[in-house]
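1. output the structure for:
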Amino acid sequence: MTRFLILALAGTLMLSACGKEPATPEAQPQAEAPAAKPQSLPVAEAKPLKPAEEPGAPADSSDGETVEAAPAATSPIAEAVEAATPAPAPIEPMRWKEGENFTAFAIAQPVSVSPGSVEVVEGFWYGCGHCYALEPRLEAWERSKPDWVQLKRLPVIWNEVTREDARLYFTIEALGLVEKLHHEVFRELHVRSRPLTVIAGNRVDTAATERAARAFLLSHGVSAEDFARHYRTFSTENKLRQAENMTRRYMLDHTPMIVVHGKYVSDISMAGGPEPLFQIINDLAARERGAT
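-> Numbering: from 1, shown residues only. A predicted model of the protein is given here:
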């Protein structure tokens with residue numbers, strides 16, 4: 001009896017299973033199509049799978065490993081360096097036009113000032129009337145300029161005459177008397193009409209020029225020994241060679257001309273007058289100061 005009941009129950013289950021609707025063709029296994037060549041996604045689209053997207057994970061779960069949630073780790077040393085480093089000063093737009101109010105050298109020339117300082121060079125010639133007229137304004141600007149701006153005077157050298165005038169300047173400089181006698185040389189030439197470089201037969205008379213220079217300096221309290229110690233020496237000759245080289249490097253073809261930190265050059269004509277010239281000098285110097 002028991003065997004009969006078991007056979008009857010098995011038959012019932014078989015009839016029930018065959019009575020389901022047949023599986024649709026889509027549900028049947030199909031032959032795999034050739035794999036398509038994978039397409040690389042842009043980096044922005046290749047998002048990592050978040051834990052919330054995993055089966056069975058809560059929608060708001062997170063383990064802190066995503067890019068958005070990863071904490072920024074900065075070492076104490078880096079934080080200290082960052083805190084102690086000042087932000088660079090913004091460079092104000094120039095109110096002067098390059099090529100009109102000043103010219104920038106294609107290659108910056110070397111300067112001889114310490115880091116943080118800005119060098120301003122005046123190219124001058126004692127025989128230049130415009131240099132003589134500019135000198136009082138230059139002296140006033142020198143007294144009012146910031147300490148980080150250093151003014152250097154450069155006697156240009158184009159020929160024999162300018163070379164001997166430059167020799168007189170370097171003698172005065174070596175004696176430490178530029179502040180006292182530099183303007184007096186201009187006055188000797190342009191007010192008293194007493195040239196200190198003597199021309200004879202279209203050539204510089206070096207002996208007569210030396211006598212005139214000695215007489216001028218002795219009249220202003222310089223001893224003959226001090227004059228001889230500097231006027232024709234190896235040191236002075238070396239300075240003359242350097243001045244001639246710098247005249248070429250700065251392309252100083254007239255005077256006065258002003259060079260700011262070996263990068264920019266301007267003059268009274270380009271600036272539109274003496275006062276705008278010093279404004280240009282100040283602005284270019286401040287720009288260089290902010291860029292360092």
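
2. show me where the stretch 101-250 of the chain has helices.
-> Using DSSP state H, counting those that start in this stretch, the helices of the stretch 101-250 of the chain run over 129-144, 160-174, 178-190, 206-218, 224-230, 234-249.

3. show me what the shortest one is packed against.
-> Spelled out, that is helix 224-230. helix 160-174, helix 206-218 (3 or more Cβ pairs under 8 Å, 6 or more residues apart in numbering; DSSP states H and E). (Glycine included, C-beta is placed from N, CA and C.)

4. what's the first one in contact with?
-> Taking Cβ atoms under 8 Å, 6 or more residues apart in numbering as the criterion, the residues outside helix 160-174 that touch it are 125-127, 153, 155-157, 178, 181-182, 185, 196-197, 199, 203-204, 206, 209, 213, 217, 227, 230-232, 235-236, 239-240, 243-244.

5. check which residues of it are buried.
-> 161-174 (16 or more other Cβ atoms under 10 Å).

6. tell me the mean pLDDT for it?
-> For helix 160-174, the mean pLDDT works out to 98.

7. equivalent analysis for stretch 114-129, please.
-> Here the average pLDDT along stretch 114-129 is 97.

8. go on, stretch 257-264?
-> For stretch 257-264, the mean pLDDT works out to 98.

9. got a pLDDT number for the nearest residue to residue 184 once chain neighbours are set aside?
-> Closest residue in space to residue 184, ignoring its immediate chain neighbours: residue 220 at 6.6 Å, by Cβ to Cβ, 6 or more residues apart in numbering. Predicted confidence (pLDDT) for residue 220: 98.

10. run through the stretch 101-250 of the chain and note the low-pLDDT ranges.
-> Within the stretch 101-250 of the chain, no range satisfies pLDDT under 70.

11. quick revisit: which one of the helices of the stretch 101-250 of the chain lies nearest to residue 258?
-> helix 129-144 (9.0 Å; Cβ to Cβ).

12. who does that closest one touch, helix- and strand-wise?
-> helix 178-190, helix 274-291.

13. restrict that helix to CA atoms and write it as CSV.
-> Listed next in CSV are the C-alpha coordinates belonging to helix 129-144 (Å, rounded to 0.1, in the frame of the first residue of the first chain):
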residue,chain,number,x,y,z
GLY,A,129,74.2,118.9,-22.4
HIS,A,130,71.1,116.7,-21.8
CYS,A,131,73.0,114.7,-19.3
TYR,A,132,74.0,117.9,-17.5
ALA,A,133,70.4,119.1,-17.5
LEU,A,134,69.2,115.7,-16.1
GLU,A,135,71.8,115.5,-13.4
PRO,A,136,69.9,117.5,-10.7
ARG,A,137,66.8,115.5,-11.2
LEU,A,138,68.8,112.3,-11.1
GLU,A,139,70.4,113.3,-7.8
ALA,A,140,67.0,114.2,-6.3
TRP,A,141,65.6,110.8,-7.4
GLU,A,142,68.6,109.0,-5.9
ARG,A,143,68.0,110.6,-2.5
SER,A,144,64.3,109.5,-2.6
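
14. thank you, goodbye.
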